[in-house]
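[1] Mind looking at a prediction? Sequence and model below.
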Amino acid sequence: TLESSENNLQKKEDLPRINSAGKHHLSHLTDVLDLSRIENDEIGIDVSTFDLNDFVQDVVSNTSSLVARNNNKFVLDCPSKLGRISTDATKLRQAALNLIRNAAKFTTDGVITLSVRRERSSVGDWIELQVADTGIGIAPSDIDKLFANFRQASHSTASRYGGTGLGLAHSQKLCGLLGGRISVKSELDKGSKFSIRIPASLDIIRTSSSVNRQM
């Protein structure tokens, strides 16, 4: 009947929204569990060696549709032949995805840029992944709150955009496990830049720490 056909059509239209909501809640649950494990020193590091350009393309393919949802343009600024790095790919991917999701959430009709650089010098070999957006930005007085568990920049932001306030705290702790950190620059109503900076080889960091403990 016509009525049953309309009901089936409505169910089909609802499926993507239900699936998206399920993934959203699952990501929050994963953040909570991971933070608990990190704070209790119960999470391990799985170092592997992989091509950084392939890694970046994987991140882009997993976030392009999300960035486009608010009519944003996604720009990739990444030189070719960045080479291979040795770190925990899963944790680096989680941190990068969290930053892009965050940028997509707070930006509408704007531009989100993922920039990737490798810096080799006498002081080390470092990787920087920067996510810049043209979104709502952050007031200087609120920046210190960003990496605290269950905190968002302001009450108005939390009420308007929702979320648990765990994504950035989780990402910062993941980067800490990888021997690096996340920094942020932002201007209210003009956008934000979040930068992940980690050593290109986590093996060196871990080896050095082990030697220092033995000395």
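    That came in fine, so what should we check first? Numbering: from 1, shown residues only.
[2] going forward, measure contacts between C-alpha atoms and count neighbours the same way
    OK.
[3] all strands of the protein, in order?
    Taking DSSP state E as the criterion, the chain carries its strands at 48-51, 73-77, 84-87, 111-121, 124-133, 181-187, 191-199.
[4] Take these and lay them out in TSV including mean neighbour count, distance to residue 167 and mean pLDDT.
    Below are the strands of the chain laid out as TSV (neighbours: other Cα atoms under 10 Å; distance: least, Cα to Cα, whole Å; pLDDT from 0 to 100):
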stretch	mean neighbour count	distance to residue 167	mean pLDDT
strand 48-51	14	24	97
strand 73-77	16	20	97
strand 84-87	20	21	97
strand 111-121	18	18	96
strand 124-133	20	14	97
strand 181-187	17	12	95
strand 191-199	22	13	97
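[5] okay if I get those as CSV plus distance to residue 67?
    Rendered in CSV, the data for the strands of the chain read as follows (distance: least, Cα to Cα, whole Å):
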stretch, distance to residue 67
strand 48-51, 24
strand 73-77, 7
strand 84-87, 26
strand 111-121, 8
strand 124-133, 10
strand 181-187, 19
strand 191-199, 15
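[6] among those, which is nearest residue 94?
    Ranking the strands of the chain by their distance to residue 94 (criterion: Cα to Cα) puts strand 191-199 first, at 11.6 Å.
[7] between that closest one and strand 111-121, how big is the angle?
    The directions of strand 191-199 and strand 111-121 differ by 30 degrees, with axes from the mean of the first three to the mean of the last three Cα atoms, to 10 degrees as the criterion.
[8] Please write out the alpha-carbon positions of strand 191-199 in PDB.
    Taking only C-alpha atoms (Å, rounded to 0.1, in the frame of the first residue of the first chain), the coordinates of strand 191-199 have been written out as PDB:
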ATOM      1  CA  GLY A 191      39.200  30.500  13.600                       C
ATOM      2  CA  SER A 192      41.700  28.100  15.300                       C
ATOM      3  CA  LYS A 193      44.900  26.200  14.600                       C
ATOM      4  CA  PHE A 194      45.600  23.000  16.500                       C
ATOM      5  CA  SER A 195      49.100  21.500  15.900                       C
ATOM      6  CA  ILE A 196      50.200  18.000  16.800                       C
ATOM      7  CA  ARG A 197      54.000  17.700  17.100                       C
ATOM      8  CA  ILE A 198      55.600  14.300  17.700                       C
ATOM      9  CA  PRO A 199      58.900  12.700  17.100                       C
END
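[9] For that strand, which strands pair with it and how are they oriented?
    Strand 191-199 has the following sheet partners, assigned by DSSP bridges: strand 124-133 (antiparallel), strand 181-187 (antiparallel).
[10] could you list every residue that touches residue 63?
    Neighbour list for residue 63: 97, 100, 101 [criterion: Cα atoms under 8 Å, 6 or more residues apart in numbering].
[11] Out of these, the closest to residue 81 would be?
    Within those, distances to residue 81 taken as Cα to Cα reach their minimum at residue 97, with 21.8 Å.
[12] quick one: terminal-to-terminal distance for stretch 72-90?
    Using Cα to Cα, to the nearest Å, the end-to-end distance of stretch 72-90 comes to 26 Å.
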